[in-house]
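>>> any chance you could fold what I've pasted below:
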Amino acid sequence: MNRELKTHWNTVYDTKPIDGVSWYQQKPEKSLELIHQFMPANNHPTVIDVGGGTSTLVDCLLTDGYDSLVILDIAESALAQTRQRLGDTARKVSWMVTDITMVDMPADTYDLWHDRAVFHFLIRPEDQLKYVRLVDKSLKPGGILVMSTFAPDGPEKCSNLSVNRYACDDLWQILGQKFKLVHSDREVHQTPFQTQQTFSYCVFEKL
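Sure thing, here's the model as predicted:
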């Protein structure tokens, strides 16, 4: 695991309240809309949220009937806060503390892979390649990838780290021919600090 990044993100979550970070959403409406549309709960899909942190996405998915959830983040502090918030319900969720560029996963495991604001931090091509190979391996054929990154007119940095900015077609080029772009959208995110950040929301199907 990248110790420097691990320390960075644990420090962020140890020193700031849940609504004291720019990416905070009281309810992740756009992600929920796309997950419901492309992978309904009544199919009992296995869903992984990469970079789940302290996001309330897991709370909402549990409420909406999703019963096979995996939350992954590099920051143990973030996941500890989320488990505490969920209370006894946290036992219904699998938790992974790891660096997404350094982990391996079993093949054909997930029906849906969700990532809001992780991939845009992977500015090195070799890390992007590791990520894409992991998605390709662990997502089932016909599985859905919901990916959200800063849009081309979005911020150039986040949490004092440089990021890449993408349109959905840019991400499609990186993912390659094993994936089909089935939906693209944008969102102007209002931060807790009354500033705006533009996100691309992209849905891909693994062929």
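>>> low-scoring stretches of this protein, by residue?
Scanning the chain for pLDDT under 70 picks out the ranges 1.
>>> what is the most centrally placed residue in the chain paired to in the beta sheet?
Centroid-nearest residue in the chain: Asp115, 2.1 Å away (criterion: Cα atoms, centre = their mean). Legend: beta-bridge partners of Asp115 under DSSP bridges are Val50, Met147.
>>> quick one: it and Arg3, what's the gap?
To Arg3, Asp115 is 22 Å away according to Cβ to Cβ, to the nearest Å. Quick note: C-beta positions are derived from backbone N, CA and C, even for glycine.
>>> quick one, what contacts the residue nearest to the centre of the chain?
Asp49, Val50, Gly51, Leu145, Val146, Met147, Ser148 (Cβ atoms under 8 Å, 6 or more residues apart in numbering).
>>> please enumerate the helices of the chain.
Under the criterion DSSP state H, the chain contains helices at 3-15, 29-38, 57-63, 76-86, 125-138, 168-175.
>>> JSON lines for these, including mean neighbour count and distance to Ser94?
As requested, those are exported to JSON lines (neighbours: other Cβ atoms under 10 Å; distance: least, Cβ to Cβ, whole Å):
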{"stretch": "helix 3-15", "mean neighbour count": "15", "distance to Ser94": "20"}
{"stretch": "helix 29-38", "mean neighbour count": "17", "distance to Ser94": "17"}
{"stretch": "helix 57-63", "mean neighbour count": "19", "distance to Ser94": "11"}
{"stretch": "helix 76-86", "mean neighbour count": "18", "distance to Ser94": "11"}
{"stretch": "helix 125-138", "mean neighbour count": "16", "distance to Ser94": "13"}
{"stretch": "helix 168-175", "mean neighbour count": "17", "distance to Ser94": "25"}
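>>> closest one to Gln194 among those helices?
Closest to Gln194 of these, according to Cβ to Cβ: helix 29-38, at 18.6 Å.
>>> C-alpha coordinates for the closest one, CSV please?
The C-alpha trace of helix 29-38 is given here as CSV (Å, rounded to 0.1, in the frame of the first residue of the first chain):
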residue,chain,number,x,y,z
GLU,A,29,-28.6,11.4,-5.9
LYS,A,30,-26.9,11.0,-9.3
SER,A,31,-25.0,7.8,-8.3
LEU,A,32,-28.2,6.3,-6.8
GLU,A,33,-30.2,7.2,-9.9
LEU,A,34,-27.7,5.4,-12.2
ILE,A,35,-27.3,2.4,-9.9
HIS,A,36,-31.1,1.9,-9.7
GLN,A,37,-31.4,2.4,-13.5
PHE,A,38,-28.7,0.0,-14.6
